[in-house]
Structures are given as C-alpha cells and as structure tokens.
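Trainee: Sharing a model prediction with you, sequence too.
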Amino acid sequence: GDSVTQMEGPVTLSEEAFLTINCTYTATGYPSLFWYVQYPGEGLQLLLKATKADDKGSNKGFEATYRKETTSFHLEKGSVQVSDSAVYFCALASGNTPLVFGKGTRLSVIA
Amino acid sequence: DGGITQSPKYLFRKEGQNVTLSCEQNLNHDAMYWYRQDPGQGLRLIYYSQIVNDFQKGDIAEGYSVSREKKESFPLTVTSAQKNPTAFYLCASSLGTGGSYEQYFGPGTRLTVT
C-alpha cells in the first residue's frame, strides 16, 4: 500500500540555519503530497501541499517541490526561527482514500 | 468561528472501562476521521466516515467503535478490548476524502488509562 518515509528526528538547529527535512513516498497512481505541522500540545495544521509533479508548495517561508522522478517532497526553509520548533509530518493522499502520514520529525530551534 | 472541537483535553480512566471521546465540527464537512498518535509512531488511522451513517475501519480499528448519526459529530469509544489505550487522540474533518481536500484537525484529547 501507499506509504511515506521521512527522516528521523529530532533535528536541532540554531536560529537562522537552513532546514531540510527529507520525505519520500511510495504510491500507486499520482498522489497529492502535504506537509503538516504540529506545535506543542496542539492538533495538526496544513503547512503546504502540491497536487502534481513539479508543483512547488510554499507557506511561511517553507517550500517543498513534488519530484516524481525521485518520489520525494523534501521540506526546506532558508532561515529557521525559534517559533518554527514543532513536529513536521509529510503525508500523501491518492484516489479517494484518507491521508497516509509519515512518522513525523521533531524540529528544535535554539536561539 | 468555524472549527473542530474535541473534549475533554485530558481524560483519565481505569482499566476495564469504556470511554467515549467527543468530536464536533461546524465546518459542514462530509468526511471525519479519528487518529491515534503515539511517540515515534506518527498518526495512525482508527476509523473514518465519508458521510452520515457510514464509516470504515482504518489501520488500527480493533478495540474501538464509532458512530456517525449527525454530520457534525463523530464520537469515538475506546473499549476495554483495546489493549493499550493510553495515547493522544486526534479528530479531523474534510470536505471529502482524497488528495483534493485539506484535513482540518482538532486540538486532541490525551487519554490515560491506569
């Protein structure tokens, strides 16, 4: 079945560092891809999404590009802030099925 | 203000008791979902419903039950048959299922069973 693999955490960065969180997927057909973010003690919020190959999703300085050839959707941000500390989930959906989530990557940004 | 409400935020129960977690949405969404979150495991789908009076099992439905009598409400019962019920439970909703639809999440309920 469909699955998502994302890099293990935790990831600890200094403020203003460059962030990459890797995400690869396995799916039949042509899935839509998502990044969700979970701040401490809260539910998940959609951060960005891409629905077809070569699409770039972006929001709040975060970006991810849907790469069909490498089945990847890596999350990047040029300069992280302390307020970006959270757990980040990569997810996919194909056809009419619910989202399939990766295990999450915890990011800690220190001042 | 539209959104998803889960109550209570923290819930404590004794082993052997059934417990029902509440989820209400006023977004007029057709689809609703229940996930379980454990440290290092990500989110695992328990049940989902695409329309009133219909629901499907997810990956880890054993020991859980749901109902969908109203569009706005999708309560989850954790039964005594669930072997390891202590977890963080998240409810979500969307206009439909599949890749075209963003899922909106509630704030979660942390259940502790001792």
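Mentor: Happy to help now that I have it. Residues are numbered from 1 along each chain as shown, chains lettered A, B, ... in the order given.
Trainee: Next, count neighbours for the single nearest residue of chain B relative to chain A.
Mentor: Nearest residue of chain B to chain A: residue B:99, at 2.9 Å (CB to the nearest CB). Glycine gets a C-beta too; all of them are placed from N, C-alpha and C. Using other CB atoms under 10 Å in any protein chain shown, residue B:99 is surrounded by 24 other residues.
Trainee: backbone phi and psi for the nearest residue to it once chain neighbours are set aside, please?
Mentor: What sits nearest to residue B:99 in space, not counting adjacent residues and going by CB to CB, 6 or more residues apart in numbering or on different chains, is residue A:32, at 2.9 Å. Phi and psi for residue A:32, reported as degrees, to the nearest 10, are phi -90, psi 150.
Trainee: isn't the residue of chain B closest to chain A right up against residue A:94?
Mentor: Yes. Between residue B:99 and residue A:94 there is a contact under CB atoms under 8 Å: 6.2 Å.
Trainee: Give me the common contacts of these two.
Mentor: A:31, A:32 (CB atoms under 8 Å, 6 or more residues apart in numbering or on different chains).
Trainee: who are the neighbours in contact with the closest residue to residue B:71 other than its chain neighbours?
Mentor: Ranked by CB to CB, 6+ apart and with sequence neighbours excluded, the top spatial neighbour of residue B:71 is residue B:52, at 5.3 Å. Applying CB under 8 Å, 6+ apart to residue B:52 gives the contacts B:68, B:69, B:70, B:71.
Trainee: Count the neighbours of the second one for me.
Mentor: Burial of residue B:69, expressed as a neighbour count using other CB under 10 Å, amounts to 10.
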